[in-house]
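In: Based on what follows, work out the 3D shape:
(one chain, ligands or ions: 1)
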Amino acid sequence: MPLTAERFDARTWPDEVLEELFADAFPAFITADPEAKKYVGRVRDRFADLNIVLVEDGDVPVATGWGVPVSWNGELGDLPAGYTDTIRRAVRGRDRGQPPDTFVICGGIVSRSRTGLGLAGELITALRDLAPRAGCTRIIAPVRPTLKPAYPLTHIDTFAGWTRDDGAPLDPWLRTHWRLGGQIIATAPRSQTMTGTVREWEGWTGMVFPSTGEYVIPRGLSTLHIDREEDRGRYAEPNVWVRHR
Ligand SMILES: CC(C)(COP(=O)(O)OP(=O)(O)OC[C@H]1O[C@@H](n2cnc3c(N)ncnc32)[C@H](O)[C@@H]1OP(=O)(O)O)[C@@H](O)C(=O)NCCC(=O)NCCS
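Out: Numbers count the residues shown, from 1 in each chain. Model prediction:
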């Protein structure tokens, strides 16, 4: 099964192929971050060369991922606040003509039928290879831990420190980064903030929210706060900053 990496826009994939690749990768509320929405279009436009797909046997897309270049001075205090702040910094930096130095891996998906086969590692490796092309010497990632929904009440600082007996991170996605030399350097408790009306949140989660309060939601990395009076639901998504060598 030879794997090759190519730009996502190098060819036009049939809709059913894309549906298979992206199927159920993220919960419905993932797109409910209004601040991120302001920038995603410009990210696609300005950084299309940093959005790749891994293709098996020449014609089967099995994984996809993307990143953006930012300027970061290497100090923890200068890290973006998380995913949304990263894409904001990337777009603003590009528009100001500021030269970047740090490649940020922003997302990765392995086709559902191919998970558990180690493709995630191949994807991270291919994404890291983009850094020099983007003019970057440093590589970081605000990692969205895939096991976190099992522990929505646990603070991300605690969760990020959990390891197995062999010293590897307990979280599988963090573990994949770690195995490739990635080190946890910080957490991003509010990497993204998703908001919506009560009705929207009910649609996204398949639950009802009769009272104001805190709710555990399906696939939520943290809890959802519902304010019935203001007809608002607010959910902050925590990530973990990993730095690659
Ligand atoms: C996260 C994701 C990229 C991992 O891809 P993958 O190819 O399955 O990863 P790997 O085969 O390298 O497996 C990595 C580890 O996760 C474990 N794993 C894989 N799928 C798993 C699952 N569904 N549940 C629990 N553990 C799983 C593997 O056993 C492996 O653990 P190990 O360290 O003990 O070997 C993939 O599951 C995915 O696309 N998920 C949806 C999108 C997403 O959440 N992306 C990450 C945030 S942007």
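In: how far away is the residue positioned nearest the centre of the chain from the ligand?
Out: Residue closest to the average C-alpha location in the chain (C-alpha atoms, centre = their mean): Gly107, at 3.9 Å. Taking C-beta to the nearest ligand atom, to the nearest Å as the measure, Gly107 falls 4 Å from the ligand. C-betas here are computed from N, CA, C, even on glycine.
In: Remind me which helix or strand that residue belongs to.
Out: Taking DSSP states H and E as the definition, Gly107 sits inside strand 102-110.
In: how about the strands in the protein?
Out: In the chain, the strands defined using DSSP state E lie at 3-7, 51-56, 60-70, 102-110, 138-143, 183-196, 213-215, 224-227, 232-244.
In: Could you tell me which other helices and strands the strand holding Gly107 packs against?
Out: On a contact count with 3 or more C-beta pairs under 8 Å, 6 or more residues apart in numbering; DSSP states H and E, strand 102-110 meets strand 60-70, helix 83-96, helix 119-128, strand 138-143.
In: could you give the angle of it to strand 232-244?
Out: Strand 102-110 and strand 232-244 are oriented at 110 degrees to each other (axes from the mean of the first three to the mean of the last three C-alpha atoms, to 10 degrees).
In: Just the CA atoms of stretch 198-212, as PDB, please.
Out: This file holds the C-alpha atoms of stretch 198-212, laid out as PDB (Å, rounded to 0.1, in the frame of the first residue of the first chain):
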ATOM      1  CA  VAL A 198     -30.300  26.500  23.400                       C
ATOM      2  CA  ARG A 199     -32.200  25.100  20.400                       C
ATOM      3  CA  GLU A 200     -29.000  24.900  18.300                       C
ATOM      4  CA  TRP A 201     -27.200  23.100  21.100                       C
ATOM      5  CA  GLU A 202     -30.100  20.700  21.400                       C
ATOM      6  CA  GLY A 203     -29.800  20.000  17.700                       C
ATOM      7  CA  TRP A 204     -26.000  19.500  17.800                       C
ATOM      8  CA  THR A 205     -26.100  17.200  20.800                       C
ATOM      9  CA  GLY A 206     -29.400  15.400  20.600                       C
ATOM     10  CA  MET A 207     -30.200  16.400  24.200                       C
ATOM     11  CA  VAL A 208     -32.700  18.800  25.800                       C
ATOM     12  CA  PHE A 209     -31.500  21.500  28.200                       C
ATOM     13  CA  PRO A 210     -34.500  22.300  30.400                       C
ATOM     14  CA  SER A 211     -32.600  24.400  33.000                       C
ATOM     15  CA  THR A 212     -29.800  26.800  33.300                       C
END
